[in-house]
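1. just coords:
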Ligand code: GLN
């Protein structure tokens, strides 16, 4: 703790106030400094956030304060909270994260919801392309234990991470494999293919700001207009789609028109985009029929 900070009390409430101020004033560009502080302190104390509210006057040990301050300093330098505490909650699951993959985002829950709303056969075969932490595949498995779900990722580390998340969440029926999109997949037909592929424009200034600076570019960007992988997936998925099967993709909120037109030029039908709570179209889906 620096000299100036010696005036800060050593109790939970004072430490949280101190940290929230530090993070707000820093270059982290966090819009959730209070929540960030609570997540970090709860991690140091190995407790739930509710404990911090119940015991605001509890005095921290020197070791706890040191660990907390070191994490706050890393947060101030921009490191994502999920990397500092090692996990991110997504859907009903707690998922380990690492710098090999994208940190699961709340907006991707819209993709999970859209997939769950489909009327599929009870033992539907489902493929998650670029599964990362396994967030989408595992959430679907949690809700639909009978679905036969495969997640692929081109990163070996991501596959290891997803497998470990499957075990931690007792969802080990999901099969994870290393494959660069479809390259290592045998010929087979799925009832549903889902993906949150990289879709940020290669030169987007967004990539220089905030938490994304600490995530792998390969999970974020895809060519000049961000649509290279989406074009590839829509075209290459066709031989893997059962008659009338669905492909659902997450994309940027200004990419919906282009994504629908890529679906259209690949002869998909019933093409639609779905908006999130803010009215932003972040998901598009379509059906494919093998004529
Ligand atoms: N939605 C992510 C973001 O805005 C981008 C993730 C992606 O490219 N799939 O950071």
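-> Noted; the coordinates are in hand. Given the structure is predicted, the values throughout are model-derived calculations rather than measurements. Numbers count the residues shown, from 1 in each chain.
2. show me which strand runs longest in the chain.
-> In the chain, taking DSSP state E as the definition, the longest strand is strand 241-250.
3. which other helices and strands does it contact?
-> helix 109-116, strand 190-195, helix 228-236, strand 281-288 (3 or more Cβ pairs under 8 Å, 6 or more residues apart in numbering; DSSP states H and E). From N, CA and C alone the C-beta is placed, and that goes for glycine too.
4. what about 6 Å?
-> With contacts taken as 3 or more Cβ pairs under 6 Å, 6 or more residues apart in numbering; DSSP states H and E, strand 241-250 sits against helix 109-116, strand 190-195, strand 281-288.
5. could you dump these into CSV and include distance to the ligand?
-> Putting the helices and strands packed on strand 241-250 into CSV (distance: least, Cβ to the nearest ligand atom, whole Å) gives the following:
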stretch, distance to the ligand
helix 109-116, 10
strand 190-195, 9
strand 281-288, 8
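6. redo those as TSV? Include mean pLDDT and mean neighbour count.
-> Shown next, in TSV, are these (pLDDT from 0 to 100; neighbours: other Cβ atoms under 10 Å):
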stretch	mean pLDDT	mean neighbour count
helix 109-116	98	19
strand 190-195	98	24
strand 281-288	98	23
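7. can I get the ones you listed in a markdown table including distance to residue 252?
-> Listed next are those as a markdown table, based on distance: least, Cβ to Cβ, whole Å:
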| stretch | distance to residue 252 |
| --- | --- |
| helix 109-116 | 13 |
| strand 190-195 | 14 |
| strand 281-288 | 8 |
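8. nearest to residue 155, of the ones you listed?
-> The minimum distance between residue 155 and the helices and strands packed on strand 241-250 falls on strand 190-195, with 14.6 Å, by Cβ to Cβ.
9. now do that closest one against helix 228-236, angle only.
-> Computed with axes from the mean of the first three to the mean of the last three Cα atoms, to 10 degrees, the direction of strand 190-195 lies at 170 degrees from that of helix 228-236.
10. strand 190-195: partners in the sheet, and parallel or antiparallel?
-> strand 125-129 (parallel), strand 241-250 (parallel) (DSSP bridges).
11. centre of the chain to it, how far?
-> 18 Å (Cα atoms, centre = their mean, to the nearest Å).
12. just the residues contacting that strand, thanks.
-> Residues outside strand 190-195 that contact it (Cβ atoms under 6 Å, 6 or more residues apart in numbering): 115, 120, 124-130, 136, 233, 237, 240, 242, 245-249.
13. repeat that for stretch 72-88.
-> 19, 22-23, 26, 28, 36, 39, 43, 71, 94-97, 103-104, 211, 214.
14. helices along the chain, start to end?
-> Secondary structure of the chain (DSSP state H): helices at 12-25, 33-45, 49-54, 62-76, 81-85, 109-116, 135-143, 156-168, 228-236, 256-265.
15. so which of those is the most packed in?
-> Stretch with highest mean neighbour count among the helices of the chain: helix 135-143 (a mean of 25; mean count of other Cβ atoms under 10 Å).
16. so which of the helices and strands packed on strand 241-250 comes closest to residue 47?
-> Here helix 109-116 is closest among the helices and strands packed on strand 241-250 (Cβ to Cβ), at 25.8 Å.
17. what packs against the closest one?
-> helix 135-143, strand 241-250, strand 281-288.
18. let's see it at 7 Å
-> helix 135-143, strand 190-195, strand 241-250, strand 281-288 (3 or more Cβ pairs under 7 Å, 6 or more residues apart in numbering; DSSP states H and E).
19. relative to helix 109-116, how tilted is the shortest one?
-> Same thing as strand 190-195. Going by the same axes, to 10 degrees, strand 190-195 makes 170 degrees with helix 109-116.
20. residue 261 versus residue 82, what's the distance?
-> 34 Å (Cβ to Cβ, to the nearest Å).
21. give me every residue in the protein lying close to the ligand.
-> 102, 105, 196, 198-200, 212, 220, 250 (Cβ under 6 Å from any ligand atom).
22. list only buried entries from these.
-> The neighbour count (16 or more other Cβ atoms under 10 Å) marks 102, 196, 198-200, 212, 220, 250 as buried among the residues of the chain next to the ligand.
23. surely residue 96 and residue 162 touch.
-> No - using Cβ atoms under 7 Å, residue 96 makes no contact with residue 162, being 9.4 Å away.
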